[in-house]
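>>> All I have is the shape, not the residue letters:
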């Protein structure tokens, strides 16, 4: 601004306008010379620019650069683009009568623009702070541009004195020099612009589903588990700082709602301040509106003096069986202490105790929060019927909707102990099936004091399995291919005698799992023995089942597949 001394002044001689501080730009020209007055821009665009100016002041204040007009970052640059020269795309008549939905996208459109309500809004309840006109007169100062409240000039003696915040002693006019206060909550597209990207098609949110792992992937991930359990006792995990502070009473976790009690209002104000600091791109008025909403509930981590260092704001829908997590944040300096995980565990326990029939959570997470929510049991796969939650929660484009479903029998406050018991049970099962946990003393030839240059023949190392031939490796691959064939399902398991009573009366040489056992114990001296056993399985199937049955047809196809594989093998060796 050209003159900071008059920026937001309360003098009665100044122009009576709610946006008088915008009358002069840095070049010294007025808004009319630039075509930026209310009559040129229109009331809607003029108010929008006022809100953009307020947001610019807030961002500059956050980085202590409120009066540094040369400072710029990505957020500042993006907002300044929305203050460029206005080019009307429609005639005045069309602006009056056309629908906003039919207007083309404007280059000056903003996340702070006045736009029609989104198609998907909360339908159950409305915020108790939905109208800015209901605020007390004490909130007027908060709605002023920060530069108007904190502009500083240098006195002749070199001292710095605040001028904009100083009262002149005169009675204020009914219209102060403040930016418009009626700021709508962000729509889905506005929230997407805040996050820097838009997700979905034609403005509709897109639900991302997690890809399922097939059996082969699970087998591959579970193969080759090596367990080093020289100490059979489970290791004692170090207690996290958050748990220690909670146990010592340094912090407390308390539920809170807007019941008009002084203690509740203090904690809610702390939550509001925390969310506004940790979510800088979210409009502050929108955060305040939801936090103070009588339909919202909160869970806060507080220290001495009701200092809020972490919290969650949610909206319960007990009659629908789910809750929406609206805001979730912890103080930056305390995030490494484990506050986030501990808060989520207490939140789940609180919901199970307070709302026994509400087992599902839904939330919209940005790209940075998806990993955290996944660790807390959330998934991108939405199993809750859309008819249950659609229209009840705020739809954010650009975020990923995630769901968490709780289990009643789980004590989430004792989760660490439960997981430790499950881990130990899995390790015990592995020890029953594997010897990888056994630690041997090592070869005596390489113990301390042994001479240098000692070599050991591989055959003299105890415990090594004999090397298998290339033919044995081929048989392993061939058996695996046979078991994975689409027509192998009748031959994967032995025929149960209780289901087919006369099978073992007809079939005198049943095979069952014989082939797999013989291959693992090196009982096949050659390829011929393997082929004979496979042929016996197919012959038994055709002997017991009718020729046109699915079992007989499967046996014929499997027999042909086996012969083709063997022929290809013999051809490659020739």
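Perfect, I can see it now. Predicted, not measured: the structure shown is a model, and the values here were computed from it.

>>> Model confidence for residue 402, exactly?
Residue 402 is assigned 94 on the pLDDT scale.

>>> What of the one 4 residues further on?
According to the per-residue confidence, residue 406 scores 93 in pLDDT.

>>> And residue 215, by the same measure?
Residue 215 carries a pLDDT value of 63.

>>> Kindly report the same for residue 127.
Residue 127 is assigned 34 on the pLDDT scale.

>>> what does residue 444 give?
At residue 444, pLDDT is 78.

>>> The host helix or strand of residue 351 - contacts with which helices or strands?
Applying DSSP states H and E as the criterion places residue 351 in helix 339-354. Contacts defined by 3 or more CB pairs under 8 Å, 6 or more residues apart in numbering; DSSP states H and E place helix 339-354 against helix 241-248, strand 252-256, strand 297-303, strand 307-317, strand 322-330. Every C-beta, even on glycine, is put in place using the N, C-alpha and C of the backbone.

>>> Could you check the angle the last one makes with strand 297-303?
Think strand 322-330. Using axes from the mean of the first three to the mean of the last three CA atoms, to 10 degrees, one finds that strand 322-330 and strand 297-303 are set 20 degrees apart in direction.

>>> now do the second one
With the same axes, to 10 degrees as the criterion, the two stretches strand 252-256 and strand 297-303 enclose an angle of 150 degrees.

>>> what angle separates the next helix or strand along the chain from strand 252-256 from strand 307-317?
Next helix or strand after strand 252-256 toward the C-terminus (DSSP H and E): helix 262-278. Interaxial angle, helix 262-278 versus strand 307-317 (the same axes, to 10 degrees): 100 degrees.

>>> for the very next helix or strand once past helix 262-278, packing partners?
Counting by DSSP H and E, the next helix or strand C-terminal to helix 262-278 is helix 284-291. Under the contact definition 3+ CB pairs under 8 Å, 6+ apart, helix 284-291 sits against helix 262-278, strand 322-330.

>>> With distance to residue 492, mean pLDDT and mean neighbour count as added columns, please give those in TSV.
Shown next, in TSV, are the helices and strands packed on helix 284-291 (distance: least, CB to CB, whole Å; pLDDT from 0 to 100; neighbours: other CB atoms under 10 Å):
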stretch	distance to residue 492	mean pLDDT	mean neighbour count
helix 262-278	55	94	18
strand 322-330	42	93	22
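
>>> Now render the helices and strands packed on helix 339-354 as TSV, adding distance to residue 488.
What follows is those, written out as TSV (distance: least, CB to CB, whole Å):
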stretch	distance to residue 488
helix 241-248	52
strand 252-256	56
strand 297-303	54
strand 307-317	49
strand 322-330	44
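
>>> which stretch among these comes nearest residue 265?
strand 252-256 (9.2 Å; CB to CB).

>>> buried residues in the helix or strand where residue 556 lies?
In the assignment (DSSP H and E), residue 556 maps to helix 550-573. By 16 or more other CB atoms under 10 Å, the buried positions in helix 550-573 come out as 552-555, 558-559, 561-562, 566.

>>> Any chance of JSON lines for the helices and strands packed on helix 284-291, columns distance to residue 62?
Converted to JSON lines, those look like this (distance: least, CB to CB, whole Å):
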{"stretch": "helix 262-278", "distance to residue 62": "8"}
{"stretch": "strand 322-330", "distance to residue 62": "15"}
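
>>> Quick one: closest of those to residue 247.
strand 322-330 (18.3 Å).

>>> what pLDDT, on average, does the helix holding residue 351 get?
Computed over helix 339-354, the average pLDDT equals 93.

>>> Show me the contact partners of that helix.
Residues outside helix 339-354 that contact it (CB atoms under 8 Å, 6 or more residues apart in numbering): 240, 242-243, 246, 253, 255, 299, 301, 309-312, 314, 316, 323, 328, 330-331, 358, 361, 372, 375-376, 406, 408, 411-413, 415.

>>> Of those, keep whichever come out buried.
Among these, the ones that count as buried by 16+ other CB under 10 Å are 240, 242, 246, 253, 299, 301, 309-312, 314, 316, 323, 328, 330-331, 358, 361, 376, 406, 412, 415.

>>> so residue 555 makes contact with residue 546?
No: with contact defined as CB atoms under 8 Å, residue 555 does not reach residue 546; the gap is 11.8 Å.

>>> tell me the secondary structure for residue 493?
Under DSSP: H, G, I helix; E, B strand; the rest coil, the three-state class of residue 493 is coil.

>>> Check it and give its pLDDT.
For residue 493, pLDDT reads 86.

>>> what does residue 448 give?
pLDDT, residue 448: 74.

>>> Specify the local secondary structure of it.
Under three-state DSSP, the three-state class of residue 448 is coil.

>>> Quick check: it vs residue 267, distance?
64 Å (CB to CB, to the nearest Å).

>>> How about residue 294?
To residue 267, residue 294 is 15 Å away according to CB to CB.

>>> Could you do residue 509 as well?
Distance of residue 509 to residue 267, given as CB to CB: 78 Å.

>>> now swap in residue 243 and tell me
Applying CB to CB, the value for residue 243 to residue 267 is 22 Å.
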